[in-house]
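Undergrad: What follows is a predicted protein model with its sequence.
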Amino acid sequence: MGTFIPNTKEEQLKMLNEIGYKDFDDLFKVIPDAAKVKGELDLPDGLSEIEVDRKVEGLAAKNVIFRSIFRGAGAYNHYVPSAVDAIANKEEFVTAYTPYQAEISQGILQSIFEYQTMIAEITGMDIANASMYDGASAAAEACWMCKDRRHSTFYVSGAIDERILTVINTYSFGRESKVVVVPTKDGETDKEALKKALAEDDAAACFLMQYPNFYGIVEDAEELCKITHDGGAKFIMYCQPLALGALKSPGELGADIAVGEGQPLGLGLEFGGPYLGFLSTKQENMRQIPGRLIGETVDTRGDRGFVLTIQAREQHIRREKASSNICSNEAWCALRAGIYLSTIGPKGFEDVAALCSSKAHYMAEELEKIGMKRCFKGEFWNEFAMTCPDADKLLAALEAKGILGGLKLCCGCCGEGCDTDCILWCCTELNSKEDIDEVVAIAKEVF
Amino acid sequence: MNTPKELKYSRDDEWIRYEGEEAYIGITDYAQSELGDLVFVNLPEVDDEVVAGEALGDVESVKAVADVISPVSGVVLEINEDLLDDASLINSDPYGSWFVKVGSIGDNVELLSADEYEEYRG
Amino acid sequence: MKLIFEKSIPGRGQDIFPACDVPCKLPDAPLREKKAHLPEISENEMGRHYTALAKRAHGVNDGFYPLGSCTMKHNPRIDEKMAALPGFAKLHPLQPADTVKGAHELIAELEKFLCEITGMAGVTFQPAAGAHGEFTGLLLIKAYHTDRGDIERNEIIVPDAAHGTNPASATMAGYKTIVIKSNENGTVDIDDLKAHLGPKTAGLMLTNPNTVGLFDPNIMEITKLVHEAGGLCYYDGANLNAVIGIVRPADIGFDVIHMNLHKTFSTPHGGGGPGSGPCAYKDFLAPFAPGLVCKDGKNYERAEKSIGNMTGFYGNFLVMVKAYTYLLTVGKEVYTLAQNAVLNANYMQEKLKDIYPIAFDTTCMHEFVIGLDPIYRETHVSALDVAKALLDYGIHPPTIYFPLIVHEALMIEPTETETKETLDEAITAFREIYERIFNAPETVQNAPQTTPVLRLDDTKAAREPHLRYTFE
């Protein structure tokens, strides 16, 4: 019904005639008849805005919105400050394309330049790009940044989220590279195994770890970095960005590349997307960076301005020799991240990290009091894996009260000799003490 | 167009300067002026083999990239690291800005004299 | 204009987080020593900063945006409103499948619509953008050949007019790119295609209409030849908006296609994403599809020989909500989108072709290309200069210097959502600029004059890269 075509049928016909066509059939005679659809497509009749609204709201209403969420595992229920939506939804930002024409795109360009600076700051790295699709694809691209003619094996910790590993594997399908998973011990990368693997492989390109890892554990990144560098490979850290308000940054730890899922930085849960991949690195790797980069320059008057730069790395110029094919990225999500980080500021960045950590430690202690046990001894930030006599039963009881409990882990994946269900719990600043106590009380009731 | 007489030229717009068993390779004045302001070069590594008629590296301007085609086959003995820091040297002094020094020289593409090259690009 | 860091004053800020209601406990792990420099700024100042940035940006809502190949059409507000519904925006991707039935229903319906539009059998929504969809499609092709033991096929044929993403995607999928020439009409040179087809051909990637805006009249023969050689045909759907509802890629011999939801299906581009690049395929490629899919409302499943995952979860879901909302609105009249996109492009072409050299002067599809080269040679006014001159008219310039087969190219795509008056105004601007090229060329070469900054030094930016603010 609505097509958003402004010209009336009469105007359309007039325009057609004016440029020498009888009608639309005449205009489309450049397409061979054999190629054309016979008749109309089997699509529903178009709807008015009110009808559309009703139908789509009906679909939204079929989904359950949990009032209290204790599940993370790659998507985190952090608070989105009001300013983020209000500002990011300005239509000048929403309806712009990639800022190819710098003179009328300074707003977009400067916002990304500021984002690049903030990502470099929180990760402690020298430079960052304009964003990637999501954390997992950023991780895959980071591995490929490390590949050269002599180095083509990507080592990946077995303690990373399986989703990230799957994407790295998919990105490597059919190309000259090998992905090797380093075994885990007690929920962490087995350092000896890593050391041994790197020592035996001249072609090691990189080692990628998650920080905190999938089970929430803050691994000994400093030691892993040393082992990796001693083994002649580059060290990639996949980070939860808000954890970096507390934990030593990748830059401080000596990482070559930091990547991660930027969703906690002012994006909602959104059923998995659009999210935001971030990527930062040392200055010396600048030319290996995939995707857009915004740089500072001057105009003909000498005034500061910003442009897309070092573009000869990219697909539209380098074509089959480009380091990646990425062009559209997640600029608007990066804008949100920039607004988010500006809103919370340096103090908020520390506060939110401390809140997440404190709540998670409180919850773990409370669950321990009722007999559940931590699966691993390693220190954690806001996620932790715990045993549970019957995960399905507990999660169902929580769901009945509008609470999304932690993620049930596949049996045995949290360690050898584990003969009970395990749950990966997650706390954020949005989980109040009452919310946590409620979960513990329900758990107590169930068992 | 500046075309020093003592050099040989390829139709791909590279120059080559032989020194005994070895040779220096760069891009011509014509090439740098066609490409415009150069911002970066990608060079091979020392000990890499280069093949006559195939790319040994490339040069980037702001909005284009062009392969540097090796006029000879051989082995890279040295690369000009100065160009990695400042590609504008190629614009200001194309014949002083050698890209690589090669040895163990084998076959070559058709090489033109300065006069022939000037006529070819004139 | 100042950067937000230059507006920061120590001690200022905003109160977002509450005091901790449980004992404060930081991880017993090495803690951060070097603080992150983040802005310390009040909400009011921050709001004004971003408002000032918004004023220095240009979206479709600000004015005409005929950026060729990018399809900058109107982005309906209802789409944004629907995507912001808490029933979508607040869903955790890992919450139980039976608590997200509405989301799955929406995905299934959108898949059905896109299958009908493309003629394909299934769709994966994993890819987050068009280029990502290309990569996905090529991996499907690779998985298909590999599965059959047909492992010698390592070449992807790409026309010289193709988007740069095509060869770049081929490389990412581990293929060698074979470039074939365009003929004098701007379409695929059949003889050159034949010469490059063979036992090594894995597939052909083609945009149709192509990047010069022409529908390839030999399309049926092209796809037939590729199939006869044992290859598959990939349709780069960046230009699907030109033929939506009129031609279905599957019917003309294509096996796999990506669509840019942020182009044809009107979802906004956000200054460079998020996009969404769903990849549709014929039946025989279904076993290789990526991602976890919930068909029964209870369990997520993976295709039997899946290539894996392209993104962490299910792709850019909220973008899918917008495209679905758009298709509900448009319904079966999708063909009118193509009709008017093509009409508007031809209208502009016709009204400019007496003065500007059209690269291939024939009926175009949704876009047309001016090849300014003859004028440039005569006057030294370049495509870049013309683009910059348009800025002073409040018009976003066309795509320039693409496709590569046309020198000094200006690629104009008006889209169907522009009025005749807007087109006429743009035509007037182009004609005025033409006059200036000959009468006062320096005014074109020195444009723009009314933008917040004047022409920027790209060379300096690339030679001395400053990719971040440096704190003192």
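TA: Thanks, I have it.
Undergrad: Nearest to chain B: which residue in the stretch 251-400 of chain A?
TA: The nearest approach of the stretch 251-400 of chain A to chain B comes at residue A:312, 3.6 Å away (CB to the nearest CB). Where C-beta positions appear, they are placed from N, C-alpha and C, glycine not excepted.
Undergrad: Which element, helix or strand, includes residue A:73?
TA: Under DSSP states H and E, no helix or strand contains residue A:73.
Undergrad: Next, work out how far apart it and residue A:330 are.
TA: Noted for residue A:73: a distance of 21 Å to residue A:330, by CB to CB, to the nearest Å.
Undergrad: And those two? Which one has more around it.
TA: The residue with more neighbours, out of residue A:73 and residue A:330, is residue A:330; 32 against 21, by other CB atoms under 10 Å in any protein chain shown.
Undergrad: so the more buried one makes contact with residue A:270?
TA: No - look at residue A:330 against residue A:270 with CB atoms under 8 Å: they stay out of range, at 11.8 Å.
Undergrad: got a list of what the closest residue to residue C:3 other than its chain neighbours touches?
TA: Closest residue to residue C:3 in three dimensions, ignoring its sequence neighbours and counting by CB to CB, 6 or more residues apart in numbering or on different chains: residue C:469, at 5.5 Å. The contact partners of residue C:469, by CB atoms under 8 Å, 6 or more residues apart in numbering or on different chains, come to A:113-114, A:117, C:3, C:5.
Undergrad: related to what we said a few turns ago, the residue of the stretch 251-400 of chain A closest to chain B: what's its closest spatial neighbour, skipping adjacent residues?
TA: Closest to residue A:312 by CB to CB, 6+ apart is residue B:60, at 3.6 Å.
Undergrad: Can you give the domain ranges for the chain?
TA: Chain wasn't specified; assuming chain A. Following automatic domain parsing, one gets these domains for chain A: A:68-75+A:348-446, A:82-340.
Undergrad: wait, I meant chain C there
TA: Taken from automatic domain parsing, chain C resolves into C:79-332, C:344-458.
Undergrad: Could you export the ones you listed as TSV, including mean pLDDT and distance to chain A?
TA: Shown next, in TSV, are the domains of chain C (pLDDT from 0 to 100; distance: least, CB to the nearest CB, whole Å):
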stretch	mean pLDDT	distance to chain A
domain C:79-332	96	3
domain C:344-458	97	4
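Undergrad: circling back to that earlier point, so the residue of the stretch 251-400 of chain A closest to chain B, which state does it fall into?
TA: Secondary structure, DSSP: H, G, I helix; E, B strand; the rest coil: residue A:312 is helix.
Undergrad: just checking, it touches residue B:59?
TA: No - shown here, residue A:312 and residue B:59 do not form a contact pair, counting by CB under 8 Å, at 9.0 Å.
Undergrad: Common neighbours of these two, please.
TA: B:40, B:65.
Undergrad: And the strands in the stretch 101-250 of chain C?
TA: C:122-124, C:155-159, C:176-180, C:201-206, C:232-237 (DSSP state E, counting those that start in this stretch).
Undergrad: Nearest to the spatial middle of chain B, which residue is it?
TA: Centroid-nearest residue in chain B: residue B:26, 2.2 Å away (criterion: CA atoms, centre = their mean).
Undergrad: Now it: which helix or strand?
TA: Using DSSP H and E, residue B:26 falls in strand B:22-27.
Undergrad: and if you look at residue A:394?
TA: helix A:391-400.
Undergrad: So for that helix, mean pLDDT?
TA: Averaging pLDDT along helix A:391-400 yields 97.
Undergrad: For residue 217, grab the count of nearby residues.
TA: Chain wasn't specified; assuming chain A. Counted by other CB under 10 Å, the residues lying close to residue A:217 total 28.
Undergrad: Chain C is the one I meant
TA: 15.
Undergrad: what's near enough to touch the residue of chain B found nearest chain A?
TA: Among all residues of chain B, residue B:60 sits closest to chain A, at 3.6 Å; criterion: CB to the nearest CB. Going by CB under 8 Å, 6+ apart, residue B:60 touches A:312, A:317, B:38-42, B:87, C:462.
Undergrad: quick check: angle from the helix or strand encompassing it to strand B:22-27?
TA: According to DSSP H and E, residue B:60 maps onto strand B:55-61. Using axes from the mean of the first three to the mean of the last three CA atoms, to 10 degrees, the direction of strand B:55-61 lies 30 degrees away from that of strand B:22-27.
Undergrad: Strand B:55-61 - what's its average pLDDT?
TA: Strand B:55-61 comes out with an average pLDDT of 93.
Undergrad: Check the offset of the helix or strand following it from the chain's centre.
TA: For strand B:55-61, the following helix or strand on the C-terminal side (DSSP H and E) is strand B:65-69. Centre-to-centre, strand B:65-69 and its host chain are 9 Å apart (CA atoms, centre = their mean, to the nearest Å).
Undergrad: now do stretch C:85-98
TA: Here stretch C:85-98 is found 27 Å from its chain centre; the criterion is CA atoms, centre = their mean.
Undergrad: Would you indicate which residues of that stretch are buried?
TA: By neighbour count on 16 or more other CB atoms under 10 Å in any protein chain shown, the buried set for stretch C:85-98 is C:85, C:87-95, C:97.
Undergrad: helix, strand or coil for residue A:423?
TA: Secondary structure assignment for residue A:423 (three-state DSSP): strand.
Undergrad: so where's chain A uncertain?
TA: A:1, A:411-418 (pLDDT under 70).
Undergrad: longest strand anywhere in it?
TA: Using DSSP state E to define each element, chain A has its longest strand at strand A:204-211.
Undergrad: Which strands or helices does it pack on?
TA: helix A:135-145, strand A:153-157, helix A:191-199, helix A:221-230, strand A:234-239 (3 or more CB pairs under 8 Å, 6 or more residues apart in numbering or on different chains; DSSP states H and E).
Undergrad: So what are the sheet partners of that strand and their directions?
TA: Here strand A:204-211 has these sheet partners by DSSP bridges: strand A:153-157 (parallel), strand A:234-239 (parallel).
Undergrad: looking at those strands, which is buried most?
TA: Comparing these by mean neighbour count (mean count of other CB atoms under 10 Å in any protein chain shown), strand A:234-239 comes out on top with a mean of 27.
Undergrad: any idea how far it is from the chain center?
TA: Mean-position distance between strand A:234-239 and its chain equals 14 Å (CA atoms, centre = their mean).
Undergrad: and if you look at stretch C:369-378?
TA: Mean-position distance between stretch C:369-378 and its chain equals 27 Å (CA atoms, centre = their mean).
Undergrad: How about it and chain B, any contact?
TA: No - judged by CB under 8 Å from any CB of the partner chain, stretch C:369-378 stays clear of chain B, getting no closer than 14.1 Å.
Undergrad: From one end of that stretch to the other, what's the distance?
TA: The first and final residues of stretch C:369-378 sit 19 Å from each other (CA to CA, to the nearest Å).
Undergrad: Can you show me the helices along chain B?
TA: B:29-35, B:81-85, B:88-92, B:114-121 (DSSP state H).
Undergrad: Of those helices, flag the one that's most buried.
TA: Highest mean neighbour count among the helices of chain B (mean count of other CB under 10 Å): helix B:29-35, a mean of 19.
Undergrad: can you list the residues that contact it?
TA: Contacts of helix B:29-35 with the rest of the structure, by CB under 8 Å, 6+ apart, involve B:1-3, B:13-14, B:38, B:59, B:61, B:64, B:66, B:90-91, B:94-95, B:121.
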